[in-house]
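Trainee: sequence first, then the predicted structure, then my questions.
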Amino acid sequence: MEVSAERTKPVNKSRWLVGWIGRTDHEAAEGQLKGDVGPIAAALQSDPGYDRVYLLTNYPHESSVNYCDWLTALIGIDPSRIDLFDIKLSSPVDYDAIYSEVSANLAAGRLPRDDVELTFHLSPGTPAMAVIWVVLSRTRFPARLIQTVRGGGVQEVTFFTDVADAFLPEFLRRSETRIEKLAAGPQGVPPEFARILHRSDLIAKQVELARRVAAFDVPVLILGETGTGKELFAEAIHAASRRDGKPYIPVNCGAIGNELANSELFGHKKGAFTGADRDRKGHFEEAKGGTLFLDEIGDLPLDTQVRLLRALQAKEVIPVGSSKPIPVDVRVVAATHRDLVADVAAGRFREDLFHRLAVGILRLLWAPVRTC
């Protein structure tokens, strides 16, 4: 579907186009391509409504500055609307380095923000760079995705399957070096997962996927009936991650009354409500630096889901009765026995929160798990 130049700008939101400056962009600026302006310029010509153009480069700084000068002259936009950032990469195909550097850069730009609509451009750069845009758009930095098609304009990229469910396992299989070393290591159950006893090929596959997901600091959603070992998996993921040794806080969301859910998770200030006789830290603050396991997350009330989404996006929480955000570095592993897809369709669970949580999905449905 071609992106319309008449796209309506969301109320009170600034539209940002974010992407790498690729080889084709540089060649276009240098006059090496007849009739081709490169992906970035093509996107701006097709949709001139972007308020900022946020460009990353792994090329020599002077070359990219020259490109920006060429771009402003070609498109006729104010140079102050273009941001250029040098990203030092040892290799343009190192998934882990690209993920880390881009995430740090966007976070330093105070993203994501409620007043900014992000669009990631997949076309400039290497395939590895495109992969990272896809992952980030469905996790830490929600964004639209576009690509340029030579001779075909600009297209918005949509997926007919859940990217997190279908794509991320393949990404994990071919990215992180330490994961590959683990996969090539001695056969047997990793020690962190030794408490999960089973006679099921399904569970064996989920253990392998959990082992890989554990090394990436992304949210995980565990689906399974009562008694299938969801908490055992959460504990093992924490132990196998870089957060091992930091707090692991399990919370049964189904046991929290709706009126206390916000206070339990995000804390409250003294006097925030009847009975709040002192300041109280929420579970997010208690889990700082570690892992927060939210069991039966489907039972959270909708207003708490809104706060949880913000905590995941902005990595900060606002206690009940306060207006001051508190930064929190927490990995969330969530679990439920409910059919969240049906809950989303029925309006009982927020779709944006579902996609934010479902980066790595483990399915333990109807597969009995025992513990030592």
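Mentor: Arrived safely, thanks for sending.
Trainee: can you classify Ala234 by secondary structure?
Mentor: What DSSP: H, G, I helix; E, B strand; the rest coil gives for Ala234 is helix.
Trainee: okay, now it: neighbour count?
Mentor: 24 (other Cβ atoms under 10 Å). The C-beta positions use only the backbone N, C-alpha and C, and glycine is treated the same way.
Trainee: quick one, what contacts it?
Mentor: By Cβ atoms under 8 Å, 6 or more residues apart in numbering, the contact set of Ala234 is Val220, Ile222, Pro250, Thr291, Phe293, Asp295, Val333, Ala335.
Trainee: C-terminal to the helix or strand of the chain at the bottom of the mean pLDDT ranking, what's the next element?
Mentor: Least confident helix or strand, the chain: helix 177-183 with a mean of 42, by mean pLDDT, DSSP states H and E. Downstream of helix 177-183, the first helix or strand assigned by DSSP states H and E is helix 201-214.
Trainee: Leu17 versus Ala41, what's the distance?
Mentor: 11 Å (Cβ to Cβ, to the nearest Å).
Trainee: let me fix that: Asp339
Mentor: From Asp339 to Leu17 the distance is 37 Å (Cβ to Cβ).
Trainee: who's more crowded, these two?
Mentor: Neighbours per residue (other Cβ under 10 Å) separate Asp339 from Leu17, with Leu17 holding more: 23 against 14.
Trainee: that one: what secondary structure?
Mentor: Going by three-state DSSP: Leu17 is strand.
Trainee: can you tell me which residues contact it?
Mentor: Counting by Cβ under 8 Å, 6+ apart, the residues that Leu17 touches are Ile40, Ala43, Leu44, Tyr50, Arg52, Val53, Tyr54, Thr119, His121.
Trainee: sorry, back to before: neighbour-wise, give me the winner out of the contacts of Ala234.
Mentor: With neighbours defined as other Cβ under 10 Å, the most crowded of these is Val333; it has 30 neighbours.
Trainee: shouldn't it be in contact with Leu292?
Mentor: Yes. Taking Cβ atoms under 8 Å as the definition, Val333 is a contact partner of Leu292 at 7.4 Å.
Trainee: in a strand, that's where Phe85 is, yeah?
Mentor: Yes. Counting by three-state DSSP, Phe85 falls inside a strand.
Trainee: what bridges to it?
Mentor: Beta bridges link Phe85 to Leu56 when assigned by DSSP bridges.
Trainee: so what's the residue nearest to Arg331 when sequence neighbours are not counted scoring on pLDDT?
Mentor: Closest residue to Arg331 in three dimensions, ignoring its sequence neighbours and counting by Cβ to Cβ, 6 or more residues apart in numbering: Thr291, at 4.8 Å. Listed pLDDT for Thr291 reads 96.
Trainee: what of the one 10 residues further on?
Mentor: At Pro301, the predicted lDDT confidence score is 94.
Trainee: any idea how far the closest residue to it other than its chain neighbours is from Ala43?
Mentor: Using Cβ to Cβ, 6+ apart and skipping residues adjacent in sequence, the residue nearest Pro301 is Asn258, 4.5 Å away. Going from Asn258 to Ala43 by Cβ to Cβ gives 45 Å.
Trainee: more neighbours, the two?
Mentor: Ala43 (25 against 12).
Trainee: do I have it right that that one meets Gln155?
Mentor: No. At 10.2 Å, Ala43 does not count as touching Gln155 under the criterion of Cβ under 8 Å.
Trainee: now do Leu294: how many residues are near it, please.
Mentor: For Leu294, using other Cβ under 10 Å, the count is 25.
Trainee: how about it, nearest residue that isn't a chain neighbour?
Mentor: Nearest non-adjacent residue to Leu294 (Cβ to Cβ, 6+ apart): Ala334, at 4.5 Å.
Trainee: and the next helix or strand past the helix or strand harbouring that neighbour?
Mentor: Here Ala334, judged by DSSP H and E, is contained in strand 331-336. Scanning forward in sequence from strand 331-336 by DSSP H and E, the next helix or strand is helix 340-346.
Trainee: which outside residues touch that next one?
Mentor: Leu221, Leu223, Gly298, Phe349, Arg350, Glu351, Phe354.
Trainee: my read: the fourth one touches Leu308, true?
Mentor: What it means is Phe349. No. Assessed by Cβ under 8 Å, Phe349 is found out of contact with Leu308, at 10.9 Å.
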